[in-house]
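Visitor: Dropping a prediction and its sequence here:
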Amino acid sequence: QVQLEESGGGMVQAGGSLRLTCTASGVTSSTDAMAWFRQAPGKERDFVAAIRRSGILTRYGGFVKGRFTISRNNAKNTVYLQMGTLKPEDTAIYFCAARDGGTSSSPDDYDYWGQGTQVTVSS
């Protein structure tokens, strides 16, 4: 089993930045791919970004457009999401996810999930 815990959410004004952190514990060998998803009220869970253990292979959701960067520190079992140029439409709960395999943009492919951290962007 893998436990994931997110932190770093909060409230920020439009145009600002936040860095989210997700720390994995347990059987961390099962976290080959780690990802961020987000879900706004009444909407589906959307793919934000994913990264392989190597840290080299990354992929992003179409809406990111260079504003966000995903990275990981395997020694700390941690993945980060640096978010910049935030917009009110980025307001959502951000979830960390992990799977023992390649990156995927489908939430159904991930085996482990954190509880989420709220990000609120005010205009």
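Guide: That came through, no problem. Residues are numbered from 1 along each chain as shown.

Visitor: Tell me which residues touch the residue sitting nearest the centre point of the chain, please.
Guide: By C-alpha atoms, centre = their mean, the chain has its centre lying nearest to Trp36, at 2.1 Å. Counting by C-beta atoms under 8 Å, 6 or more residues apart in numbering, Trp36 touches 20, 22, 48-50, 70, 79, 81, 94-97. The way it works is simple: take the backbone N, C-alpha and C, and place the C-beta from them, glycine included.

Visitor: Touching stretch 61-79 from outside, list them.
Guide: Contacts for stretch 61-79 (C-beta under 8 Å, 6+ apart): 21-25, 28, 31, 34-36, 46-51, 53, 55, 58, 60, 80-86, 96, 105.

Visitor: Over to stretch 3-10?
Guide: Outside stretch 3-10, the residues touching it (C-beta under 8 Å, 6+ apart) are 18-26, 94-98, 112-120.

Visitor: what do you get for stretch 45-60?
Guide: Outside stretch 45-60, the residues that reach it (C-beta under 8 Å, 6+ apart) are 31-39, 61, 63-64, 68-72, 74, 79, 81, 92, 94-95, 102-107.

Visitor: ok, now with 7 Å
Guide: By C-beta atoms under 7 Å, 6 or more residues apart in numbering, the surrounding residues in contact with stretch 45-60 are 32-39, 61, 64, 68, 70-72, 74, 79, 81, 102-105, 107.

Visitor: tell me how far the ends of that stretch are from each other?
Guide: 14 Å (C-alpha to C-alpha, to the nearest Å).

Visitor: before we move on, what about stretch 41-60?
Guide: Terminal-residue distance, stretch 41-60 (C-alpha to C-alpha): 21 Å.

Visitor: Now that stretch: average pLDDT?
Guide: Stretch 41-60 comes out with an average pLDDT of 93.

Visitor: can you pull the buried residues of it?
Guide: 45-52, 58-60 (16 or more other C-beta atoms under 10 Å).

Visitor: re the thing from before, got the contacts of Trp36 as CSV, with distance to Gln1 and secondary structure columns?
Guide: Conversion of the contacts of Trp36 to CSV gives the following (distance: C-beta to C-beta, whole Å; DSSP: H, G, I helix; E, B strand; the rest coil):
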residue, distance to Gln1, secondary structure
Leu20, 22, strand
Cys22, 16, strand
Val48, 24, strand
Ala49, 24, strand
Ala50, 21, strand
Ile70, 23, strand
Val79, 18, strand
Leu81, 23, strand
Tyr94, 22, strand
Phe95, 17, strand
Cys96, 15, strand
Ala97, 14, strand
